[in-house]
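Visitor: Sequence first, then the predicted structure, then my questions.
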There are 2 protein chains.
Amino acid sequence: MDEFEFIDAIKQNSYKQPSIIKGVGDDAAVFRQTTRDIVTAIDTFVEDVHFSRSTMHPSHIGYRALAANISDLSAMGAVPAFYLVSIVIPGSWSNEELTEVYQGMAELAADYRMDLIGGDTVSGNELTISITVVGYVNREKARYRSTAENNDIVFVTGTLGDSAAGFHILNNPGDYKDKMFYQRRHRTPDMRADFASKLERLSRVALNDISDGIASEAHEIAEASRVSLTIYEDKLPVSPNFYQFSTEQQHNWKLYGGEDFELVGTVAKNEWETLKAIAAETNTPITPIGYAKSDNDGKYRVWLRARDNRTQPLQKKGYTHRSG
Amino acid sequence: MDEFEFIDAIKQNSYKQPSIIKGVGDDAAVFRQTTRDIVTAIDTFVEDVHFSRSTMHPSHIGYRALAANISDLSAMGAVPAFYLVSIVIPGSWSNEELTEVYQGMAELAADYRMDLIGGDTVSGNELTISITVVGYVNREKARYRSTAENNDIVFVTGTLGDSAAGFHILNNPGDYKDKMFYQRRHRTPDMRADFASKLERLSRVALNDISDGIASEAHEIAEASRVSLTIYEDKLPVSPNFYQFSTEQQHNWKLYGGEDFELVGTVAKNEWETLKAIAAETNTPITPIGYAKSDNDGKYRVWLRARDNRTQPLQKKGYTHRSG
């Protein structure tokens, strides 16, 4: 299988997005979007930095790489439409494995009716996957991390730390409760795209996706919005059997564990009921975890309040990428 | 300089494109384009596969990587607007060198009023640069390689083989005529973006950019358009002092030498004068090099005709990426 045969193998036979004009097969792709704004981001994943074949099947690697990109679109309130994939291929990867990587992406893409519209395949020593996603959002409805205000409620979707727990389980075989659940959360995480796209009903919501752990993401909202956030540690949502891990693991994973691809945001108190309704419509668990305060000393800190009400600054440290 | 400081160092302070809504600084970029179609492509460059520090300064590497992407937009008849850069950084590259890579891109981007609107920086063992470009083209004016027709004139812009000659000179120091010219054509090639964007005045033009050598690109037009092309070898345009290289070098470089980033296309005879006028307006040398014939046996070949009128099939072989 040479490069051209490989491209034929991964090329879509038809496109789902009505806005597509020209997909794969020329020097570039062409599409048209006259009513909504266009949202785009790029993310790159390197073997043995962001993933490892020891804990991920090739299809998981593709799935999770695209998932991380869709999550960026969700964090903007956008719906996914297209993706482009550039891949650096070392000799140690077979064409069958590479095809599985693309199949993992295609599986997730099908859920969102996304089309693969471009890419590049080149040789190199490290498997490296760069994905560019394109999505759409209604005008004036892109959601930024810079719009949090005084007295906002801080909320988070789903449960935190599951991906880190799954990574631990994959690297430390043994008996665990809900083992498959945690592994799935690590390898093929769910997205919050449906929930995110309905947030346009809110007049205002600050939003970030949790790719690097909530500590890091909350700091980004605080700094961009020039507020301070207080988060109650015992309100951070965790999965039913998360208690099986050590206290230290629980603490580290839920605050600093990355790649849960949940969303963290802030919303005005008078829109909390609307947010709850959107969550119910889209089967999205949401939890209030704290509040925002306008910050007069310009420090824009994130505070962590323990069960005994002792409060200390939450470290900005984020997720250090491990092979996963 | 950590990742955040590095991003600050390369971040634009203002944006030139009026269609930008949100640039760098959130989970994704946002823009709006209601009147034109949107064109996008991704290309990836790996150290010691696509470039080498022995023949390129860091700024050249950035410049040429973006140039290759702009060339893809030109081949669609589109004007560049935005770019996103994802970079895999090994420990052997200093932050100063990396900043120069980005400066090389910024220098070229400024010529086209392009804005850097996103990116990713990750660790790895091989310097790898993935660039996604976004451009605009008027409706129904995207130029495809699939539209060549019987009796079209085949044309090419500029001169061929200069980048390969420059690469040879950089690797084989010595006395050469126009040494700086050839090195510049290799390191910081000119684009044909202005010429390409004016081709919308033609009712039809098949178009490809010459990233992999004219032999390969002509085959792509022939196959996509289901025609055969005949090219006269002695009509292929070369630079004034190209004769200083051996006959074999000349032959190989002008036919199979990649990365000249010129354009090859076909146009109807009755629009040749319009094409010449566009070329004159944009100071673009163009040369007729052959013709297209509808192909009834379904082989869609490219023929090379020598000075003595002997004709043989031109091999499809393209540019094999060397460190350059």
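Guide: All right, it came through fine.

Visitor: partner residues bridging the residue of the stretch 151-300 of chain A found nearest chain B?
Guide: At 6.1 Å from chain B, residue A:209 is the closest residue in the stretch 151-300 of chain A, using CB to the nearest CB. Any C-beta I mention is one placed from the backbone N, CA and C, and that applies to glycine too. Residue A:209 has these beta-bridge partners by DSSP bridges: residue A:263.

Visitor: what does residue A:40 give?
Guide: residue A:134, residue B:29.

Visitor: burial count for it?
Guide: Here the number of neighbours of residue A:40 (other CB atoms under 10 Å in any protein chain shown) works out to 28.

Visitor: Might one say that it is in contact with residue B:83?
Guide: No. With contact defined as CB atoms under 8 Å, residue A:40 does not count as touching residue B:83 (10.6 Å).

Visitor: sorry, back to before: what sits against the residue of the stretch 151-300 of chain A closest to chain B?
Guide: Contacts here follow CB atoms under 8 Å, 6 or more residues apart in numbering or on different chains; on that basis residue A:209 touches A:71-72, A:74-75, A:192, A:217, A:261-264, B:27.

Visitor: hmm, 10 Å instead?
Guide: The contact partners of residue A:209, by CB atoms under 10 Å, 6 or more residues apart in numbering or on different chains, come to A:68, A:70-76, A:145, A:157, A:191-192, A:196, A:217, A:259-265, B:27-28.

Visitor: Narrow the residues you listed to those in strands?
Guide: A:157, A:263-265 (DSSP state E).

Visitor: Outline the domain layout of chain A.
Guide: Domain assignment of chain A by automatic domain parsing yields the ranges A:3-137, A:153-313.

Visitor: To residue B:96, which of those domains lies closest?
Guide: Residue B:96 lies closest, by CB to CB, to one member of these: domain A:3-137, at 21.9 Å.

Visitor: How about residue A:73: what's its closest non-neighbour residue?
Guide: residue A:135 (4.0 Å; CB to CB, 6 or more residues apart in numbering or on different chains).

Visitor: residues near that neighbour, how many?
Guide: The burial count for residue A:135: 31, using other CB under 10 Å.

Visitor: What segments of chain A are helices?
Guide: A:3-10, A:58-74, A:95-111, A:162-171, A:179-187, A:193-198, A:214-225, A:247-256, A:272-281 (DSSP state H).

Visitor: Now these in JSON lines, please, with extra columns for mean neighbour count.
Guide: Rendered in JSON lines, the data for the helices of chain A read as follows (neighbours: other CB atoms under 10 Å in any protein chain shown):
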{"stretch": "helix A:3-10", "mean neighbour count": "13"}
{"stretch": "helix A:58-74", "mean neighbour count": "26"}
{"stretch": "helix A:95-111", "mean neighbour count": "18"}
{"stretch": "helix A:162-171", "mean neighbour count": "24"}
{"stretch": "helix A:179-187", "mean neighbour count": "20"}
{"stretch": "helix A:193-198", "mean neighbour count": "22"}
{"stretch": "helix A:214-225", "mean neighbour count": "24"}
{"stretch": "helix A:247-256", "mean neighbour count": "18"}
{"stretch": "helix A:272-281", "mean neighbour count": "16"}
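
Visitor: Could you tell me the least trusted of the ones you listed?
Guide: Lowest mean pLDDT of these: helix A:3-10, a mean of 71.

Visitor: Contacts for that one, please.
Guide: Residues contacting helix A:3-10 (CB under 10 Å, 6+ apart): A:1-2, A:24-25, A:85, A:87, A:89, A:95, A:98-99, A:101-103, A:105-106, A:116, A:119-123, B:316.

Visitor: Setting aside sequence neighbours, what's the nearest residue to the residue of the stretch 101-250 of chain A found nearest chain B?
Guide: Chain B sits closest to residue A:130 of the stretch 101-250 of chain A, with a gap of 3.8 Å, by CB to the nearest CB. Once flanking residues are discounted, residue A:130 sits nearest to residue B:130: 3.8 Å by CB to CB, 6+ apart.

Visitor: roughly how far apart are the one you found and residue A:149?
Guide: According to CB to CB, to the nearest Å, residue B:130 stands 37 Å off from residue A:149.

Visitor: the more surrounded of those two?
Guide: Neighbours were counted for residue B:130 and for residue A:149 using other CB under 10 Å; residue B:130 has more, 32 against 16.

Visitor: I'd assumed residue A:121 was in contact with the more buried one.
Guide: No. At 11.9 Å, residue B:130 and residue A:121 do not qualify as touching, with contact defined as CB atoms under 10 Å.

Visitor: Find the residues that touch each one of these two.
Guide: With CB under 10 Å, 6+ apart, residue B:130 and residue A:121 have common neighbours A:85-88, B:44.

Visitor: For these, work out which two are farthest apart.
Guide: Going by CB to CB, the pair spanning the shared contacts of residue B:130 and residue A:121 furthest: A:85 and A:88, at 11.1 Å.

Visitor: what touches both of the two?
Guide: By CB under 10 Å, 6+ apart, the residues touching both residue A:85 and residue A:88 are A:120-121, A:129-130, B:44, B:130.

Visitor: can I get those residues in a markdown table with pLDDT?
Guide: Formatted as a markdown table, these follow (pLDDT from 0 to 100):
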| residue | pLDDT |
| --- | --- |
| A:120 | 92 |
| A:121 | 92 |
| A:129 | 97 |
| A:130 | 97 |
| B:44 | 96 |
| B:130 | 97 |
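
Visitor: Which of these sits closest to residue B:187?
Guide: Out of the shared contacts of residue A:85 and residue A:88, the member with the shortest distance to residue B:187 (by CB to CB) is residue B:44, at 18.9 Å.

Visitor: Could you give the number of residues near that closest one?
Guide: Neighbours around residue B:44, by other CB under 10 Å: 27.

Visitor: Show me what it is bridged to.
Guide: With DSSP bridges as the criterion, residue B:44 is bridged to residue B:130.

Visitor: close enough to count as contact, it and residue B:129?
Guide: Yes. Using CB under 10 Å, residue B:44 makes contact with residue B:129 at a distance of 7.0 Å.

Visitor: residues contacting residue A:77?
Guide: So residue A:77 contacts A:39, A:135, A:137-138, A:141-144, A:193, A:195-200, A:202, A:205, A:207, A:263, A:265, B:27, B:30 (CB under 10 Å, 6+ apart).

Visitor: Sorry, wrong one. I was asking about residue A:184.
Guide: Applying CB under 10 Å, 6+ apart, the residues contacting residue A:184 are A:60, A:162-163, A:166, A:178, A:190.

Visitor: For these, work out which two are farthest apart.
Guide: With CB to CB as the measure, no two of these lie farther apart than A:60 and A:178, at 18.2 Å.

Visitor: With only the CA atoms kept, save stretch A:80-97 in CSV.
Guide: Extracted in CSV, the C-alpha atoms of stretch A:80-97 (Å, rounded to 0.1, in the frame of the first residue of the first chain):
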residue,chain,number,x,y,z
PRO,A,80,-18.2,20.1,14.7
ALA,A,81,-18.4,19.9,10.9
PHE,A,82,-15.0,19.0,9.4
TYR,A,83,-11.5,17.6,10.2
LEU,A,84,-8.2,17.5,8.5
VAL,A,85,-5.5,15.0,9.6
SER,A,86,-1.8,15.2,9.1
ILE,A,87,0.2,12.2,10.1
VAL,A,88,3.9,11.5,10.5
ILE,A,89,4.5,7.8,9.9
PRO,A,90,7.5,5.8,11.2
GLY,A,91,8.4,2.5,9.6
SER,A,92,7.4,0.6,12.8
TRP,A,93,3.7,1.2,12.1
SER,A,94,1.9,-1.1,9.6
ASN,A,95,-0.6,0.2,7.2
GLU,A,96,-3.2,-1.9,9.0
GLU,A,97,-2.5,-0.2,12.3
